[in-house]
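> make a model of this:
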Amino acid sequence: MSKITEFRIGKGLTTRPSEKEEIWTKRYLEFTVKMQEQFTDKDLQDAIVAAEYAIDNFLGQPAAPQIPDFNPEELMKHEWKGKKTGEGQYAKGSTSWGWDFKDKFSENVIKVLEKGPVTIGEYEFTLSGTIVNAKKRK
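Numbering: from 1, shown residues only. Purely as a prediction, here's the structure:
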């Protein structure tokens, strides 16, 4: 069974000390979190929450982030589309190379993908506008 081996999460904050100041302050922090050999969906959710909380504290914006329940099987077992074969027709895709419209996925999966790419085993899933992409990592 494939699973997420690592994920990246990053946030930035741009502030201006006052309306009179012309100089803006920019801060950004990004983590790559590597998961343990065996973990549960709850462990993954906890790791995402912990990373986001650490970033928020670094940026001076402590808040308890809300991470939705995320089921990686939804991405792994999805029936991906391939290249266009006709008007509204597409070849069958795969997790090695495929795509689909984001409205074909649960709201929770989209919320996780909005935070950045998700790696599950040797596959990477990304959100680009209204399209969710799947590809095999090199």
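
> lowest confidence element among the helices and strands of the protein?
Here the helix or strand of the chain ranked lowest by mean pLDDT, DSSP states H and E is helix 41-58, holding a mean of 81.

> how distant is it from the center of its chain?
Averaging C-alpha positions (CA atoms, centre = their mean, to the nearest Å) puts helix 41-58 13 Å from its chain's average.

> for it, packing partners?
Taking 3 or more CB pairs under 8 Å, 6 or more residues apart in numbering; DSSP states H and E as contact, the helices and strands that helix 41-58 lies on are strand 6-15, strand 25-34. Every C-beta, even on glycine, is put in place using the N, C-alpha and C of the backbone.

> any idea which of the ones you listed is most buried?
Of those, the one with the most neighbours on average (mean count of other CB atoms under 10 Å) is strand 6-15, at a mean of 15.

> quick check: angle from it to strand 25-34?
170 degrees (axes from the mean of the first three to the mean of the last three CA atoms, to 10 degrees).

> so how far is strand 6-15 from its chain's centroid?
Worked out by CA atoms, centre = their mean, strand 6-15 lies 12 Å from the chain centre.
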